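Engineer: Sequence first, predicted coordinates after that:
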Amino acid sequence: MAAASDREQRLEAMVERLQERERAMRASRFWQLRDAYTELKRRLGFITRDPLAPLSQDGPPPATALEEHAAYALWVERHAIRDEDLARMRAFLDLMPQTPEIAVLVPAADAHPPHLDATIRSVLAQVYPHWRLHLALDDSSDLEIVRVLDRFDDGRISIVPVGRSAGMAPVCSELLAAATSAFVGFLGSGDLLAPHALFEFVFAIARFPATDIVYSDEDKIDDAGHRFDPYFKPQWSPESLLSRMYAGRFTAYRRSLLEAVGGVRSAFVDALDYDLLLRASENARLVTHVPSMLYHRRSAASWTTTMPDASPRQVDAGARALRDALDRRGEPFAGVEALAGYPGAYRVRFTVQRPAAVTIVIPTRDKSDVLERAIDSIVHLSTYDDYRLLIVDNGSIEAATLATFERYERELGARFQRLRDDRPFNFSQLNNMAVSECRSPFVILLNNDTEVVTPDWIEALVEYGQRPEIGAVGPQLLYPDGRVQHAGVIIGIGGVAGHAHKYFDPESAGYFASLQATTNYSAVTAACLLVRREVYEGVGGLDERLPVAFNDVDFCLRILEAGFRNVYVPHARLIHHESATRGYDMSPEQRAREEQEVVALRKRWEIGVKSDPYYSPWLSREHEDFRLAD
């Protein structure tokens, strides 16, 4: 009983401390700034809810599976292709500058006859007429399959004979050898194409003539004809591809490209599509995504590594295809790990090329307990040894804070440096000033209210940040209660930008494993952001006309504009004690300035006009859980 009583007393004391902390936070200038900033966004019509809600409130729960299924059924009904739409497409064919032929290649030897019948009918129903359908059969094929084929009399359909019990790789090779069309795509028996699928593919090729690879959105279909589990995909995302075969099963390739890369390879028989796309994309001039639900995958069929239902053999083959791709590209890597519990998702760990010194820039003012938590977690947990801390002291006056600075200077020596800047708070200005003092090749912008969770967080960020094509790299940030606070930034949510998977369980898969897998995003938060110093300086640093909000969004968009890609890495994880960040009261003049800055930012990047390339236009701009748009 005594032990229980002691435990209760400790819990009561902990609760009292947390309540006292919450009362202090609500009385702080941060909360006054937060309330003023939220009211500003509401006045501008950018939000219908509070994106900076205090942590004591529950965030909106992710939609349940039943809600998602019902929402998608309604979406399918609303967006069903109409006869008049198909008629307009037929009329438009004469205006197309090019009408390349597309070959649809189907391994059909072991097909379920009703499924094969449905697949053929979906190709025959194409509004685009310039196609060929090649079906691979062997002499042991079921008589019912032959009867299915006898129902169709169309010169565009041909049979490709293959050896008895030939494996999938030889069958696909025979199909590819038989095709003479400009573009080819493999289709599983039982899978269906929307009637406008090939038209949309060719229209994309006409718009972007350099296109060598085309893919679309996809869903699943069962034997009752019910469609479910939609995957609304991003535009071409090379780092996302290194973590899963997100492009999907029906992808159209320029045939000459496939011939140049050697076609399909039997060594990767259980991951033919993944291996093929990895090799082909290395040599493609342009990969184009069509944001339309054009492909319906038979839910019972499984011969690729497409997420999320890959078999163990497919998962292993996909990992081997990744290793082979990295070797081929000459990218030094430490390993490729299949993510347990997330079939078809992988984690590539690149080898950090030393020396790779990192400067961690932390702006702060007073609140020594907050800063100590951040620094102590870095010093005591981090396994990366080539870093230094650059503290930007923005006018600290508390004796405890000044004593803290002196203590770290004694204990950490050259690893700790403090710069003093007493100008009015301007987050962009403070970081720019600090980076101008850096000489290390890498810089991490870090809030003082963060706390390291994964010891190898710096390695995880540097691994991707060292790659020449990468700009900004961001980790997974958690609220103190364990929910996700940041897992990439999506442009357009809430009027300007929102955090992907906000409030999710950090161990959940997220949208098609994108919470667990390395993923391309347009932006990441500057609460923790790694970037090469040359990239930071090359794009002009943070915009000092954005002193408080959205300077990181603007910075990342300028990085994209400069030709780099930004990436989220989930295996770097920190806690973000967001409510502990200090702020300043906002006068009416400051509020007016903030309004002007937000409007200028939206105009500069055409937010609300242009879609985020790494987020489907069919998904919500109000919620951060990848639900369908209302």
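Structural biologist: Perfect, I can see it now. Numbering: from 1, shown residues only.

Engineer: hang on, residue 472 packs against residue 568?
Structural biologist: No: if you go by CB atoms under 8 Å, residue 472 and residue 568 don't touch, sitting 9.6 Å apart. Where you see a C-beta, it was placed from the backbone N, CA and C, and this is true even at glycine.

Engineer: so what's in contact with these two at the same time?
Structural biologist: Common contacts of residue 472 and residue 568, defined by CB atoms under 8 Å, 6 or more residues apart in numbering, comprise residue 524.

Engineer: give me the beta-bridge partners of the residue positioned nearest the centre of the chain?
Structural biologist: Within the chain, one residue has its C-alpha closest to the average C-alpha position: by CA atoms, centre = their mean, that is residue 519, at 3.5 Å. Each beta-bridge partner of residue 519 is listed here: residue 568, as defined by DSSP bridges.

Engineer: Now do it against residue 277, distance only.
Structural biologist: 17 Å (CB to CB, to the nearest Å).

Engineer: any weak-confidence spans in the stretch 301-450 of the chain?
Structural biologist: Low-confidence segments of the stretch 301-450 of the chain, defined by pLDDT under 70, are located at 301-309.

Engineer: and stretch 556-565, how far apart are its ends?
Structural biologist: Taking CA to CA, to the nearest Å as the measure, stretch 556-565 stretches 9 Å from start to finish.

Engineer: Could I get the average pLDDT for whichever strand or helix holds residue 70?
Structural biologist: When elements are defined using DSSP states H and E, residue 70 is found to belong to helix 65-78. Helix 65-78 comes out with an average pLDDT of 88.

Engineer: buried sites along the helix or strand following it?
Structural biologist: Stepping forward along the backbone from helix 65-78, the first helix or strand reached (DSSP H and E) is helix 83-92. Within helix 83-92, the residues scored as buried using 16 or more other CB atoms under 10 Å are 86, 89.

Engineer: starting at the chain centroid, how far to helix 83-92?
Structural biologist: Mean C-alpha position of helix 83-92 versus that of the full chain (CA atoms, centre = their mean, to the nearest Å) differs by 34 Å.

Engineer: Can I get that helix in CSV, CA atoms only?
Structural biologist: What follows is the C-alpha trace of helix 83-92 in CSV, where atoms were taken according to Å, rounded to 0.1, in the frame of the first residue of the first chain:
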residue,chain,number,x,y,z
ASP,A,83,-20.8,9.8,-72.4
GLU,A,84,-20.6,13.5,-73.3
ASP,A,85,-17.1,13.6,-71.8
LEU,A,86,-16.0,10.7,-74.0
ALA,A,87,-17.6,12.3,-77.0
ARG,A,88,-15.6,15.5,-76.4
MET,A,89,-12.4,13.4,-76.1
ARG,A,90,-13.2,11.7,-79.5
ALA,A,91,-13.7,15.1,-81.1
PHE,A,92,-10.4,16.3,-79.6
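
Engineer: Quick check, residue 533 in contact with residue 442.
Structural biologist: Yes: Residue 533 lies in contact with residue 442 (CB under 8 Å); the separation is 6.7 Å.

Engineer: and these two? which has more neighbours close in?
Structural biologist: Taking neighbours as other CB atoms under 10 Å, residue 533 and residue 442 compare with residue 442 leading, 25 against 18.

Engineer: Quick check: closest non-adjacent residue to that one.
Structural biologist: residue 358 (4.4 Å; CB to CB, 6 or more residues apart in numbering).

Engineer: from memory that neighbour sits against residue 438, does it?
Structural biologist: No: no contact is recorded between residue 358 and residue 438 when judged using CB under 8 Å, the distance being 9.6 Å.

Engineer: Tell me which of these two has more neighbours.
Structural biologist: Neighbour tally, residue 358 and residue 438, criterion other CB under 10 Å: the higher count belongs to residue 358, 23 against 19.

Engineer: list the contacts for that one?
Structural biologist: With contacts taken as CB under 8 Å, 6+ apart, residue 358 has the following neighbours: 384, 386, 387, 388, 440, 442, 443, 444, 458, 462, 530.

Engineer: Find the residue closest to the first one in space, skipping its chain neighbours.
Structural biologist: Of all residues not flanking residue 384 in the chain, residue 458 sits nearest, at 3.7 Å (CB to CB, 6+ apart).

Engineer: so is that neighbour in a helix, a strand, or just coil?
Structural biologist: helix (DSSP: H, G, I helix; E, B strand; the rest coil).

Engineer: Could you tell me how many residues sit around the nearest residue to residue 395 once chain neighbours are set aside?
Structural biologist: Among residues not flanking residue 395 along the chain, residue 422 sits closest, at 4.5 Å (CB to CB, 6+ apart). Residue 422: 10 surrounding residues under other CB under 10 Å.

Engineer: repeat for residue 329
Structural biologist: A count of nearby residues for residue 329, using other CB under 10 Å, gives 10.

Engineer: Pretty sure it sits against residue 281.
Structural biologist: No: taking CB under 8 Å as the definition, residue 329 is not a contact partner of residue 281, at 10.8 Å.

Engineer: The helix or strand encompassing residue 373: how far from the chain's middle?
Structural biologist: Assigned by DSSP H and E, residue 373 falls within helix 368-381. Put simply, helix 368-381 sits 30 Å off its chain's centre (CA atoms, centre = their mean).

Engineer: who does the next helix or strand after that helix touch, helix- and strand-wise?
Structural biologist: Following the chain from helix 368-381 toward its C-terminal end, the next helix or strand by DSSP H and E is strand 387-393. Using 3 or more CB pairs under 8 Å, 6 or more residues apart in numbering; DSSP states H and E as the contact criterion, the elements in contact with strand 387-393 are strand 358-364, helix 368-381, helix 399-412, strand 416-420, helix 427-436.

Engineer: Could you rerun that using 7 Å?
Structural biologist: Counting contacts by 3 or more CB pairs under 7 Å, 6 or more residues apart in numbering; DSSP states H and E, strand 387-393 packs against strand 358-364, strand 416-420, helix 427-436.

Engineer: Determine which stretch of these is the most buried.
Structural biologist: strand 358-364 (a mean of 24; mean count of other CB atoms under 10 Å).

Engineer: what pairs with that strand, and is each one parallel or antiparallel?
Structural biologist: Short version: by DSSP bridges, strand 358-364 pairs with strand 387-393 (parallel), strand 442-446 (parallel).

Engineer: now that strand against strand 416-420, angle please.
Structural biologist: Following axes from the mean of the first three to the mean of the last three CA atoms, to 10 degrees, one obtains 40 degrees for the angle between strand 358-364 and strand 416-420.

Engineer: chain center to strand 358-364, what's the gap?
Structural biologist: So, by CA atoms, centre = their mean, the centroid of strand 358-364 is 26 Å from its chain's centroid.

Engineer: now what about stretch 192-201, what contacts it?
Structural biologist: With CB atoms under 7 Å, 6 or more residues apart in numbering as the test, stretch 192-201 has contacts from 81, 86, 89, 102, 118-119, 122-123, 125-128, 131, 214, 216, 221, 252, 290, 292-296.

Engineer: For that stretch, measure first residue to last.
Structural biologist: With CA to CA as the measure, the first residue of stretch 192-201 is 15 Å from its last.

Engineer: How far does it sit from its chain's centre?
Structural biologist: 26 Å.

Engineer: re the thing from before, could the helices and strands packed on strand 387-393 be laid out in CSV, adding distance to residue 187?
Structural biologist: Compiled in CSV, the helices and strands packed on strand 387-393 are given as follows (distance: least, CB to CB, whole Å):
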stretch, distance to residue 187
strand 358-364, 48
strand 416-420, 60
helix 427-436, 51
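
Engineer: Out of those, flag the one nearest residue 488.
Structural biologist: helix 427-436 (20.2 Å; CB to CB).

Engineer: Can you spell out which helices and strands pack onto that closest one?
Structural biologist: Going by 3+ CB pairs under 7 Å, 6+ apart, helix 427-436 lies up against strand 358-364, strand 387-393.
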